[in-house]
Every structure is written in C-alpha cells, then in structure tokens.
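Enquirer: Please work out how this folds:
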Amino acid sequence: MPKLKTKKGVKKRFSFTKKNKVKRDKANKGHLKTSKNSKRKRGLRRTATVSKSETKMIKTLMPYN
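Expert: Next up, the predicted model:
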C-alpha cells in the first residue's frame, strides 16, 4: 500500500498537543483592530483547540502527525 500524503494546507494551519488534541489559531485578528477592545485582541492571540468531530477529520488529512 502506498504512503498517504499530508494535506499541506492543514499542516500549516493545525498542530498537535502532547495529548493529541488539535491546536488552531483564532480568526478575526488580521485587520480592523481599532474597533476591537484590548481584552478581545489579547484573547485572539491565544490558540484554541478543535472540537472532537473536526479533530477526526483533521487527523485523516494529516496521517503522520
């Protein structure tokens, strides 16, 4: 059976924690920052985890993590 290819877009957007949860960056931090308050922008800096149903899909797209 041939090797499975990793989807490069998924590889660039997601990473895994030690307990195999999927980490992602938050959206809405690119522009229009003057209308967002400091607390909201600070929260957008942190990473978030992906839900279980989406985790399963991402693991199929990244077979060798």
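
Enquirer: For the protein, which residues score under the pLDDT cut-off?
Expert: Scanning the chain for pLDDT under 70 picks out no residues.

Enquirer: cutoff 90 now
Expert: 1, 65 (pLDDT under 90).

Enquirer: need the contact list for the residue nearest to the spatial centre of it.
Expert: For the chain, Arg24 is the residue whose C-alpha lies nearest the centre (C-alpha atoms, centre = their mean; 2.0 Å). By C-beta atoms under 8 Å, 6 or more residues apart in numbering, the contact set of Arg24 is Arg13, Phe14, Thr47, Ala48, Thr49, Val50. All C-beta spots, glycine's among them, are computed from the backbone N, C-alpha and C.

Enquirer: do the same with Lys12
Expert: Contact analysis of Lys12 by C-beta under 8 Å, 6+ apart lists nothing.

Enquirer: quick one: secondary structure of it?
Expert: helix (DSSP: H, G, I helix; E, B strand; the rest coil).

Enquirer: Out of the contacts of Arg24, the closest to Thr60 would be?
Expert: Phe14 (12.3 Å; C-beta to C-beta).

Enquirer: Who does the closest one form a beta bridge with?
Expert: Beta-bridge partners recorded for Phe14 (DSSP bridges): Arg24.

Enquirer: shouldn't it be in contact with Val22?
Expert: Yes: taking C-beta atoms under 8 Å as the definition, Phe14 is a contact partner of Val22 at 5.3 Å.

Enquirer: got any residues that touch both of the two?
Expert: Val50, Ile58.

Enquirer: Just list what the longest helix seen in the chain packs against, helices and strands only.
Expert: Across the chain, the longest stretch assigned as helix under DSSP state H is helix 52-61. Helix 52-61 makes packing contacts with strand 22-24 when contacts are defined by 3 or more C-beta pairs under 8 Å, 6 or more residues apart in numbering; DSSP states H and E.

Enquirer: Give me the distance from the strand it packs on to the chain's centre.
Expert: 4 Å (C-alpha atoms, centre = their mean, to the nearest Å).

Enquirer: List the first helix or strand encountered after that strand toward the C-terminus.
Expert: Along the chain past strand 22-24, the next helix or strand (assigned with DSSP states H and E) turns out to be helix 38-45.
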